[in-house]
Structures are given as structure tokens and as C-alpha cells.
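Trainee: here is my input, please return the structure:
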Amino acid sequence: MAGEFADACRTANQWSNAVFDSYRNKYENVRMKREDGILEVALHSAGGPLVFNGDVHEAWVMAFRDIGDDPGLALEGISAAQVAWLNAQKAKG
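Mentor: Next comes the predicted model:
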């Protein structure tokens, strides 16, 4: 029985990794890393500060849908070093 449980856990982990692998590199402005069920999401434009536009917004929506459908996640963290549209909004008043 213990062997069957271990096999089931191994199979579930492989399936969960396959789910993550299906979306981890899918989005140009979203870098993802998962370790022990914790997903780190970093938003960027070409590796630098995120330049927010309609395409980025659409990608966020689709990325969060993929993330939400991933049963292997226990926790998610989102970061962006700098978001260009926020700075532009402050400058305009």
C-alpha cells in the first residue's frame, strides 16, 4: 500500500510539473519560477522595468488564468522592480 501511495504521489508531481511547463515560458513579459509549490512571478519588459500597455494587460489575464488552473501551486508571489506606467501617471499629476 505504501508503494502505491508513493507511486501516486510521483505521478501527481510529474503531472503538476507538466502543467507548469505548459505555461512557464508562454508570456513575453512574465518570468516564472516554481519551487516546492511556490510560484514566483516577475513582470518585466525585455528584462527591464515593465512598460505597461494593452498587450501586457492581455498577457496578465491569460497568465493568471493559467496560474489559477495549476493544481501544483500552494503560494504565488508577484514582483516588478519598476512599472513604467505608474511613473508616467505620477508625472502627469
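
Trainee: use CA for all of it now, contacts and neighbours both
Mentor: Will do.

Trainee: pull out the buried positions in the strand or helix carrying Met62.
Mentor: Met62 belongs to helix 54-68 when assigned by DSSP states H and E. For helix 54-68, a neighbour-count test (16 or more other CA atoms under 10 Å) marks 56, 59-60, 63, 66-67 as buried.

Trainee: how about the residues you listed in a markdown table, adding pLDDT?
Mentor: Listed next are the buried residues of helix 54-68 as a markdown table, based on pLDDT from 0 to 100:
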| residue | pLDDT |
| --- | --- |
| Val56 | 87 |
| Ala59 | 91 |
| Trp60 | 88 |
| Ala63 | 94 |
| Asp66 | 93 |
| Ile67 | 91 |
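
Trainee: from the residues you listed, which is closest to Leu75?
Mentor: Among these, Ile67 lies closest to Leu75 (CA to CA), at 10.5 Å.

Trainee: mind checking how far that closest one is from Gly48?
Mentor: Ile67 is 23 Å from Gly48, where distance means CA to CA, to the nearest Å.

Trainee: again, but for Gly72
Mentor: On the measure of CA to CA, Gly72 and Gly48 end up 29 Å apart.

Trainee: now do the strands in this structure.
Mentor: Per DSSP state E, the chain carries strands over the ranges 30-35, 38-43, 75-79.

Trainee: make TSV from those strands and add distance to Asp21 to it.
Mentor: What follows is the strands of the chain, written out as TSV (distance: least, CA to CA, whole Å):
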stretch	distance to Asp21
strand 30-35	10
strand 38-43	12
strand 75-79	16
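
Trainee: so which of the ones you listed is the most surrounded?
Mentor: Counting by mean count of other CA atoms under 10 Å, strand 38-43 has the highest mean neighbour count of the strands of the chain, with a mean of 18.
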